[in-house]
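J.: below is the sequence, then the predicted model.
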Amino acid sequence: MKSITIVASVLLGSALSLNAMAADSRNGQPQGTEQKESVQPVSDSWITTKVKTELLAARDVSGLKIDVETVNGQVKLSGAVKTQMQVDRAIAVARSVKGVKDVDSSALTVEGSAGH
């Protein structure tokens, strides 16, 4: 009886291991399915993170001084930068991110400009 239990345990363990290895080799997809690109819209939090990351990586924009908010793909940039060129560049960077529908830069100002 003990040997039957051991054999059953070994067979069950082997079957589970083979199934796990097969799933790993298909990136976790069940056999016969293909991995396709998601048709889900890009989330607002992902857009915000991506825009902020791109602004921080851009050499000609002071990304630390720009705040980014996203609602339904609409990105709002706020803060103060040194030049109008940085404002324009920040808008271009934000527009280049996948999923961005529009960019509102009305709250992004040039330091020392009138009205600030």
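T.: Structure's in. What do you need? If you're wondering where the values come from, they're calculated on a predicted model, not measured in any experiment.
J.: pretty sure residue 64 sits in a helix.
T.: Yes. Counting by DSSP: H, G, I helix; E, B strand; the rest coil, residue 64 falls inside a helix.
J.: can you classify the residue nearest to it when sequence neighbours are not counted as helix, strand or coil?
T.: Leaving aside its chain neighbours, residue 64 sits nearest to residue 56 (7.1 Å; criterion: CB to CB, 6 or more residues apart in numbering). To be clear about C-beta, it is placed using only N, CA and C from the backbone, and glycine gets the same treatment. Secondary structure assignment for residue 56 (three-state DSSP): helix.
J.: hang on, residue 56 packs against residue 63?
T.: Yes. Contact criterion CB atoms under 8 Å: residue 56 and residue 63 qualify, at 3.8 Å.
J.: who's more crowded, these two?
T.: For residue 56 versus residue 63, the count of surrounding residues by other CB atoms under 10 Å is larger for residue 63: 20 against 13.
J.: going along the chain, name the strands of this structure.
T.: 66-71, 74-81, 102-110 (DSSP state E).
J.: using a markdown table, please lay out those strands together with mean pLDDT.
T.: Listed next are the strands of the chain as a markdown table, based on pLDDT from 0 to 100:
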| stretch | mean pLDDT |
| --- | --- |
| strand 66-71 | 96 |
| strand 74-81 | 96 |
| strand 102-110 | 97 |
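J.: dump those into JSON lines; add distance to residue 93 and mean neighbour count as well.
T.: Converted to JSON lines, the strands of the chain look like this (distance: least, CB to CB, whole Å; neighbours: other CB atoms under 10 Å):
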{"stretch": "strand 66-71", "distance to residue 93": "9", "mean neighbour count": "19"}
{"stretch": "strand 74-81", "distance to residue 93": "9", "mean neighbour count": "19"}
{"stretch": "strand 102-110", "distance to residue 93": "9", "mean neighbour count": "15"}
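J.: of those strands, give the one that comes closest to residue 52.
T.: Ranking those by proximity to residue 52 (CB to CB) places strand 66-71 first, at 4.9 Å.
J.: with just CA atoms, put the closest one into CSV.
T.: In CSV, the C-alpha atoms belonging to strand 66-71 read as follows (Å, rounded to 0.1, in the frame of the first residue of the first chain):
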residue,chain,number,x,y,z
ILE,A,66,6.8,69.9,-14.1
ASP,A,67,3.8,68.1,-12.6
VAL,A,68,1.8,65.7,-14.7
GLU,A,69,-1.8,64.7,-14.3
THR,A,70,-3.8,62.5,-16.6
VAL,A,71,-7.6,62.0,-16.9
